[in-house]
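> Give me a 3D structure for the following:
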Amino acid sequence: MRREISVHGLNNIEQIIEAAINDLNWQTDPFDVKIILMEAFTNAYIHGNQRDTSKPIFFRYCLQDDKVFFEVQDCGDNQNEVSIPTELSEERIFDESGRGLFIIQALADHVWFQNNTLMIVKKYCPSET
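Residues are numbered from 1 along each chain as shown. This is a model prediction of the structure:
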């Protein structure tokens, strides 16, 4: 299963995330996935697309074995080297920006950038039936 959706801005992001979680049958504690994806969309909109609602954000996800691969791609110019922090200083905890990638890194199993795409891997947790 592989799905792709494009959105403009951050309208309806919560519904898109909920739909992906439902499509994946990820009902057992999906809180981490919701936070990861909300932060990824917000990062793409603010930093990649510079808050330009005319630019799309592409969201792809794929279930393979016991892992889900999420991709959130923006339309940025790919000029800046992006580093994903593994630590956050105590004085930066309440900053308005700079925490999103740290949060994603902390909750996901593996995270990296490839061109304008944030690649995220998370162990699959299907709902118990």
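> Quick check: which ranges of the chain have low pLDDT?
Across the chain, the ranges flagged by pLDDT under 70 are 78-98, 127-129.
> For the host helix or strand of I104, buried residues please.
Taking DSSP states H and E as the definition, I104 sits inside helix 100-107. Neighbour-count burial for helix 100-107 flags 100-107 (criterion: 16 or more other Cβ atoms under 10 Å). All C-beta spots, glycine's among them, are computed from the backbone N, C-alpha and C.
> which one of those is nearest F41?
G100 (9.7 Å; Cβ to Cβ).
> Direction included, what does the strand ranked longest in the chain pair up with?
Longest strand in the chain, counting residues (DSSP state E): strand 56-64. Strand 56-64 pairs in its sheet with strand 2-8 (antiparallel), strand 67-73 (antiparallel), by DSSP bridges.
> so the last one versus helix 100-107, what angle?
It refers to strand 67-73. 170 degrees (axes from the mean of the first three to the mean of the last three Cα atoms, to 10 degrees).
> Go through strand 67-73 and flag the buried ones.
By neighbour count on 16+ other Cβ under 10 Å, the buried set for strand 67-73 is 68, 70-73.
> Using JSON lines, lay out those together with distance to P126.
Shown next, in JSON lines, are the buried residues of strand 67-73 (distance: Cβ to Cβ, whole Å):
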{"residue": "V68", "distance to P126": "10"}
{"residue": "F70", "distance to P126": "16"}
{"residue": "E71", "distance to P126": "20"}
{"residue": "V72", "distance to P126": "22"}
{"residue": "Q73", "distance to P126": "26"}
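> And those, which is closest to N11?
The closest of the buried residues of strand 67-73, once distances to N11 are taken by Cβ to Cβ, is V72, at 15.7 Å.
> Bridge partners for the closest one, pull those for me.
F59, L118.
> what's near enough to touch it?
V72 makes contact with 37, 40-41, 43-44, 57-59, 117-118, 120 under the criterion Cβ atoms under 8 Å, 6 or more residues apart in numbering.
> now do D32
107-108, 122.
> Now distance to G48 too, for those residues, in a markdown table please.
What follows is the contacts of D32, written out as a markdown table (distance: Cβ to Cβ, whole Å):
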| residue | distance to G48 |
| --- | --- |
| L107 | 20 |
| A108 | 18 |
| K122 | 21 |
